[in-house]
Each structure stands twice: as structure tokens, then as C-alpha cells.
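Peer 1: Make a model of this:
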Amino acid sequence: MALNNSQPPYVNPVVPFSGQILGGLQDGLKITLMGTVLYNNGTRFAVNFHSGPSDNDIAFHFNPRFEEGGYVVCNTKQNRSWGTEERKMHMPFQMGIPFELCFLVNSCDFKVTVNGNHFLQYSHRVPFHRVDTISVSGAVNLSYIGFQNTRAAPIQPIFSGVQFSQTACFPPRPRGRKPKSPGVWPANTAPVTQTVIHTMHSTPGQMFPNSIIPPVVLPNPAYPMPFFTSIPGGLYPSRNIFVSGTVLPSAQRFHINLRSGSDIAFHLNPRFDENVVVRNTQINSSWGSEERSLPRKMPFTRGQSFSVWIMCESHCLKVSVDGQHLFEYYHRMKNLPAINSLEVAGDVQLTHVQT
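Peer 2: Presented below is the predicted three-dimensional model:
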């Protein structure tokens, strides 16, 4: 079975929430949660990774508690019995403030980051391959749960004639255990409108004998390109916009624009021919000064899927790519409610848009 690199996100899931992790946890899988801790709705929330829909066996219990100055409890439950707690006496979350929480599965542990900063590591106490469900409960509101396979190799178009030099290697599953059926998606999951076809083994005599056929990027009828949509009510502090898709294998550039009429309040422009992400504003058909510097390398890759999260604050836009904070863009147009439309164009195919 190929590694899952295209599970659609859960968008605006209702808490308490429980959802499948298609294919189960795998080495290199990153799960990103975006949301806000609620005021006056309890003092705790929890994220659980477990086997099946019940909570009898929880491989990883991540439990922030806003008590005694704030701390986070981590634990494992086996056969309905909790193990020894691990406590981190630090609280990285703030009530009423949006957060970005990432869990990266490694062969020996979970690595947890909050708002782009490393927070803790939790060593596996049970085989992580058994885990196929994530659940969230408590005083939290969620806007997004996304999945990314960080070990995935860049994909190539099938018509390019490029052949992989070696077969793919996947982490082993315990013997005697059959892969679970994906089953039925919960009602509150995002529409399954993917644009990437999974890889499969070819048979002798096909175009790529004894190799893996690379995925094909196909048009998604739900998101014609260029794509335009409204932002009802315009921007305001705490407003979130999500754009996910796949960069075309031969991409040169694409852009995401937040517009106010004919003006562009925010222009996000990955350029693969220059290996840079340009940000700018256009008013009265005149561009301002470009912003190009980044704290890390180019986050977009030709042939790879991506997820962009734009969070509006009173003074700036905070932009994250694939669950990691990338930069802040200070508002050049101050009338935020007038910024009320989204445009995406260029060498990209969209899989999900939320305004």
C-alpha cells in the first residue's frame, strides 16, 4: 500500500470530534490542527491518537490544562488503563488566540510543535502502526485538521517519460495484521475532490516496466483555473482562509490574491523560476515594494501538494504553509472589510478552498 499523501482535510470539524486517519499512522506523517482555545468553556482540551473508534487504547494523549499556571499532560492508555503521566510544565496556548498544533510521527516518537516552535517529544509506548483514529475534545474550536506525508518523493507527470530509479520503500506493518478498509467519511469531512492519482505497480510490457508509475495531476472540475470566489464580509481579525492544491510538475509560477475591487491587497506569488516567494500589494494598477525574504527555504515544490493558511490579524496577515509559519505581511490596505474576494491562478491545481 502506498503512503497516504492525499487524505483530504477535515474542515471546521465539530468538537467533540473523531475521524479516521486513512492508512493509519506512518513514519513521516504530519498532522496539523488549527483552531482556537475557547474562553469559559472548561480548562482543558485533548487530542488523542487511538485504535478504532473507542478510547480503550490511546497511543498518545496530548492534554493541555489551564490549571495551576498551565501545563500539558501526555500519556498512553492500554486496555482501559492509563500509564505514567509525562508533564510539561509550560503552556504554549492562550485562550481566545488561534493556534497551529503539529504532530510529526517518527519511528521512535511523536514530535510536537506549537505555532511553528518545537514543544515536546513523546516516545512511542505502543506500535504507532495500530493507530487509525484521531479525536479531539474539550474547550477548543477547530477550523482545520490536515495530513501531509513528509517522506513523499516529488511526483512526476506520467506523460513526461521520467522513470523512477528505484522502487519505493514503506515502513513495515506488524505481521498478521490486515490493512483496515477506509470505510465511510464522516459527514463533516471536506469533499473528496482530489487531483492526484495514487501510484501503482506496473506490469511487464507497460510504459514503465518494473517501476512505480508516477501520479498524474488532473483538472478538478470543482475549481476551474483561474479560480475566483468571494470572501463574505471581507477580512477582519481572526478571519482564516485556506487554500490547498498541487503544484504542476512543470510549474513556473502561481499566485494567490486577496482583492479589494480592482486592487490587490495581498499578492502571494511563488516563483519556481526564481526559487522565491514574492509578496506585494497593487493599488490603482501600481505595485508597491516587493517582499522576498523568508526564514526558511522555499516551501513549495513542483509536483507536490501544499496547504496555505492565511490568518488575518489587526495589523498583519500571518501565513503558514503545510502547517509551518512562514511569514507575516503587514497590512498596506487598512480597510479590511473591503478585501472581499480571492483569486488563484497560474501553474497549480486546487483541491480545496475555504474563505
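
Peer 1: domain parsing for the protein?
Peer 2: 10-149, 227-354 (automatic domain parsing).

Peer 1: Tabulate those domains (a markdown table), appending mean pLDDT.
Peer 2: Below are the domains of the chain laid out as a markdown table (pLDDT from 0 to 100):
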| stretch | mean pLDDT |
| --- | --- |
| domain 10-149 | 92 |
| domain 227-354 | 93 |
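
Peer 1: so how many other residues sit close to Cys316?
Peer 2: Cys316 has 13 neighbouring residues, counting by other CB atoms under 10 Å. For every residue, glycine as well, the C-beta is placed using N, CA and C.

Peer 1: quick one: it from Ser285, how far?
Peer 2: Taking CB to CB, to the nearest Å as the measure, Cys316 falls 24 Å from Ser285.

Peer 1: now do Tyr329
Peer 2: Counting by CB to CB, the gap from Tyr329 to Ser285 is 20 Å.

Peer 1: What segments of the stretch 51-200 of the chain are strands?
Peer 2: 58-65, 71-78, 81-82, 86-88, 98-105, 109-114, 117-123, 133-138, 140-149, 200-201 (DSSP state E, counting those that start in this stretch).

Peer 1: what residue lies at the spatial centre of the protein?
Peer 2: The centroid of the chain falls nearest to Gly146 when counting by CA atoms, centre = their mean (3.7 Å).

Peer 1: Do a quick rundown of the strands in the stretch 201-350 of the chain.
Peer 2: 212-213, 227-230, 240-247, 254-260, 263-271, 276-283, 286-287, 305-312, 316-321, 324-330, 341-346, 348-354.

Peer 1: Quick one: these as TSV, columns for distance to Asn79 too.
Peer 2: Below are those laid out as TSV (distance: least, CB to CB, whole Å):
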stretch	distance to Asn79
strand 212-213	40
strand 227-230	49
strand 240-247	38
strand 254-260	48
strand 263-271	49
strand 276-283	49
strand 286-287	63
strand 305-312	36
strand 316-321	38
strand 324-330	36
strand 341-346	49
strand 348-354	38
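
Peer 1: Tell me which of the ones you listed sits nearest to Ser107.
Peer 2: strand 324-330 (21.1 Å; CB to CB).

Peer 1: Against Lys111, how distant is the closest residue to Asn12 other than its chain neighbours?
Peer 2: For Asn12, ignoring the flanking residues on the chain, the nearest one in space by CB to CB, 6 or more residues apart in numbering is Ser143 at 5.9 Å. Distance of Ser143 to Lys111, computed by CB to CB: 23 Å.

Peer 1: who's more crowded, those two?
Peer 2: Using other CB under 10 Å as the criterion, Ser143 and Lys111 rank with Ser143 on top: 20 against 16.

Peer 1: So the more buried one sits against Asn240, correct?
Peer 2: Yes - Ser143 lies in contact with Asn240 (CB atoms under 8 Å); the separation is 5.5 Å.

Peer 1: what do those two both touch?
Peer 2: Met34 (CB atoms under 8 Å, 6 or more residues apart in numbering).

Peer 1: ok, Met89 - contacts?
Peer 2: Neighbours of Met89 in contact, by CB under 8 Å, 6+ apart: 69, 71.

Peer 1: and with 10 Å instead?
Peer 2: For Met89, the contact set (CB atoms under 10 Å, 6 or more residues apart in numbering) comprises 68-72.

Peer 1: Which of the strands of the stretch 201-350 of the chain sits closest to Asn106?
Peer 2: strand 324-330 (16.4 Å).

Peer 1: and the nearest residue to Ser123 once chain neighbours are set aside, how many neighbours?
Peer 2: Nearest residue to Ser123 in three dimensions, chain neighbours excluded: Asp109, at 4.6 Å (CB to CB, 6+ apart). A count of neighbours around Asp109, defined by other CB under 10 Å, yields 15.

Peer 1: now the one 4 residues further on
Peer 2: The burial metric for Thr113, expressed as a neighbour count using other CB under 10 Å, is 20.

Peer 1: what pairs with it across the strands?
Peer 2: Cys102, His118 (DSSP bridges).

Peer 1: Can you tell me which of the strands of the stretch 201-350 of the chain is nearest to Val14?
Peer 2: Evaluated over those, closeness to Val14 peaks at strand 348-354, with 15.4 Å, by CB to CB.

Peer 1: Need the CA coordinates for that closest one. CSV is fine.
Peer 2: Taking C-alpha atoms only, strand 348-354 is exported to CSV below (Å, rounded to 0.1, in the frame of the first residue of the first chain):
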residue,chain,number,x,y,z
VAL,A,348,-1.4,24.9,-9.9
GLN,A,349,-4.5,22.8,-9.5
LEU,A,350,-6.7,23.3,-6.4
THR,A,351,-8.2,20.6,-4.2
HIS,A,352,-9.8,22.7,-1.5
VAL,A,353,-10.6,26.4,-0.8
GLN,A,354,-12.2,27.8,2.3
